[in-house]
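1. predicted model and sequence follow; I will ask about them next.
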Amino acid sequence: MSPEMTTAAYAVPRPFQIRSSTLRRMESGGLSDEELLEQVATERDSEAFEVLYRRYSRAIYSLVQRVLRDHHAADDVSQEAFAAVWRAARGYRRERGAASAWLFAIARNAAVDAARARVPLVVGEAPDVPDHGPLPEATAIAEMEAFEVHVAVDSLPERERDVIELAYYSGLSQSEISDRLGLPLGTVKTRTRTALARLAGVLQDRGVMR
Amino acid sequence: MSANDDFDRVEQLLRAAHAPVAVPSGLEAVAREAALGGAGADRRPDVTIVRRHIPRVRLARLSAGVAVMAAAAAAALVIGVGGNGSPFDAQQTLALAGPAGASATVDFGFADQGTRPMLVEVHNLRPAGPGWYYEMWFNVSGEKVSAVTFNTSSSGDATVRTAISAGMHWGACWVTKEKAGAGDAGTVVLRPA
């Protein structure tokens, strides 16, 4: 874990540093991410850690995979990221940003460190042409948005999450979802709108949407 | 901003994010173990990168004759063509590819007592030829680490079982063709597909 994690605002794109954290609570009236992280820090609470794992594992794994583009390396780096969460939880400061931003920074740092450690397979001269790819800031914002979206989707009730994933990740039409899930078309539409509204609220709270 | 605008923006974000990757079923246990250790004690977890866990054959230091013997011995690891013996319980699989249709899969098994079994199956890779052999490498913390050496049969196939350290964190995997006694400056023949 890099020392700056304990001394500076978390290295996330600026738009995400503005908003304070949302206190996302479990359906059972459980703790927010920030409270869980503080429990890990102060009480070394393994149950709190496991709840955090369940909330963030898919988003962190997807982020690492997006950076590394390597499934096996993503396993190890994700594992290291969670170990780093346990080690460095005491460095988390709520006033510096949301727990999700801190977790994003840890996972992204682990992935970028691993990517830098790779040995280039092909050695050659750098091409003398401009790079038209996205700027680093734009890439970081896209990664952060994807991370927050994945966390938000995972926070949905299962029946709403299923509809959203089939529609936006699998590309099914609402009729196809209706057939797939054996639900009336109207129910699919209602669940989709409810889920979109819930996601809008969560993403506004988390500073992804204005 | 209207509710419809919000929905449009959410839809845009969902599409841009793409589907999240499914977390491997075994990862939670591994992550928990890495972070919490046996009893959740407040200690630094044992997840440090272990360097050089894989025995490395420094062929450059060997005479040519001995090197050829080493390559031949490594070739003896080639178990057969088109699979062999006991089934392999893979946790993850990495695909490698090379020119002229050469390919390989690297199955990583479940860690057990400090080691992680590995099954390498190679196809359409021409035999290295007399005095030559193939070597699989991992990048571990910026350092090349040899995993195994092998050769292929006349049909271009090979099946190799070996093991790596369970704690090894590697960043890339590739296969080179090496000349016995010529060090480890071979050419890359298989890389991640």
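-> Structure's in. What do you need? Everything numeric here is computed off the predicted structure, so don't read it as measured data.

2. now do the same contact list for the residue most central in space within chain A.
-> Relative to the mean C-alpha position of chain A, the nearest C-alpha, by Cα atoms, centre = their mean, is the one of A:Phe147, at 2.9 Å. Taking Cβ atoms under 8 Å, 6 or more residues apart in numbering or on different chains as the criterion, A:Phe147 is in contact with A:59-60, A:62-63, A:100, A:104, A:107. Any C-beta I mention is one placed from the backbone N, CA and C, and that applies to glycine too.

3. just curious, which of those is nearest to A:Gly171?
-> For the contacts of A:Phe147, the minimum distance to A:Gly171 (Cβ to Cβ) is 17.7 Å, reached by A:Ser62.

4. can you tell me the element the closest one falls in?
-> helix A:46-68 (DSSP states H and E).

5. tell me the buried residues in that helix?
-> When neighbours are counted by 16 or more other Cβ atoms under 10 Å in any protein chain shown, the buried residues of helix A:46-68 are found to be A:46, A:48-53, A:55-68.

6. by contact count, what packs against it?
-> helix A:33-43, helix A:71-88, helix A:99-116, helix A:136-154, helix B:27-36 (3 or more Cβ pairs under 8 Å, 6 or more residues apart in numbering or on different chains; DSSP states H and E).

7. and that helix, C-alpha only, in PDB?
-> What follows is the C-alpha trace of helix A:46-68 in PDB, where atoms were taken according to Å, rounded to 0.1, in the frame of the first residue of the first chain:
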ATOM      1  CA  SER A  46     -13.600  -9.800   9.800                       C
ATOM      2  CA  GLU A  47     -17.300  -9.900   9.400                       C
ATOM      3  CA  ALA A  48     -17.300  -6.200   8.300                       C
ATOM      4  CA  PHE A  49     -14.500  -7.100   5.900                       C
ATOM      5  CA  GLU A  50     -16.600  -9.900   4.400                       C
ATOM      6  CA  VAL A  51     -19.600  -7.600   3.900                       C
ATOM      7  CA  LEU A  52     -17.300  -5.100   2.100                       C
ATOM      8  CA  TYR A  53     -16.000  -8.000   0.000                       C
ATOM      9  CA  ARG A  54     -19.500  -9.000  -1.000                       C
ATOM     10  CA  ARG A  55     -20.400  -5.400  -1.900                       C
ATOM     11  CA  TYR A  56     -17.300  -4.700  -3.900                       C
ATOM     12  CA  SER A  57     -15.800  -7.900  -5.200                       C
ATOM     13  CA  ARG A  58     -17.400  -7.800  -8.600                       C
ATOM     14  CA  ALA A  59     -16.600  -4.100  -9.200                       C
ATOM     15  CA  ILE A  60     -13.000  -4.500  -8.000                       C
ATOM     16  CA  TYR A  61     -12.500  -7.600 -10.000                       C
ATOM     17  CA  SER A  62     -13.900  -5.900 -13.100                       C
ATOM     18  CA  LEU A  63     -11.800  -2.800 -12.600                       C
ATOM     19  CA  VAL A  64      -8.600  -4.900 -12.300                       C
ATOM     20  CA  GLN A  65      -9.600  -6.900 -15.300                       C
ATOM     21  CA  ARG A  66     -10.200  -3.800 -17.300                       C
ATOM     22  CA  VAL A  67      -6.800  -2.400 -16.400                       C
ATOM     23  CA  LEU A  68      -4.800  -5.700 -16.800                       C
END
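
8. mind checking how far that helix is from the chain centre?
-> When C-alpha coordinates are averaged (Cα atoms, centre = their mean, to the nearest Å), helix A:46-68 and its chain have centres 7 Å apart.

9. and if you look at stretch A:172-179?
-> For stretch A:172-179 - counting by Cα atoms, centre = their mean - the centre lies 27 Å from the chain centre.

10. before we move on, what about stretch A:39-58?
-> A distance of 15 Å separates the centroid of the chain from that of stretch A:39-58, by Cα atoms, centre = their mean.

11. number of residues surrounding residue 182?
-> You didn't say which chain, so I picked chain A. Neighbour count of A:Gly182, defined by other Cβ atoms under 10 Å in any protein chain shown: 6.

12. not quite, I wanted chain B
-> Residues near B:Ala182, counting by other Cβ under 10 Å: 14.

13. where does pLDDT dip in chain A?
-> Along chain A, the parts satisfying pLDDT under 70 run over A:1-29, A:118-136.

14. which parts of it belong to which domain?
-> As assigned by automatic domain parsing, chain A contains the domains A:15-118, A:156-210.

15. can you give me the strands in chain B?
-> Under the criterion DSSP state E, chain B carries strands at the ranges B:90-97, B:103-109, B:115-123, B:132-140, B:143-150, B:158-165, B:172-179, B:187-192.
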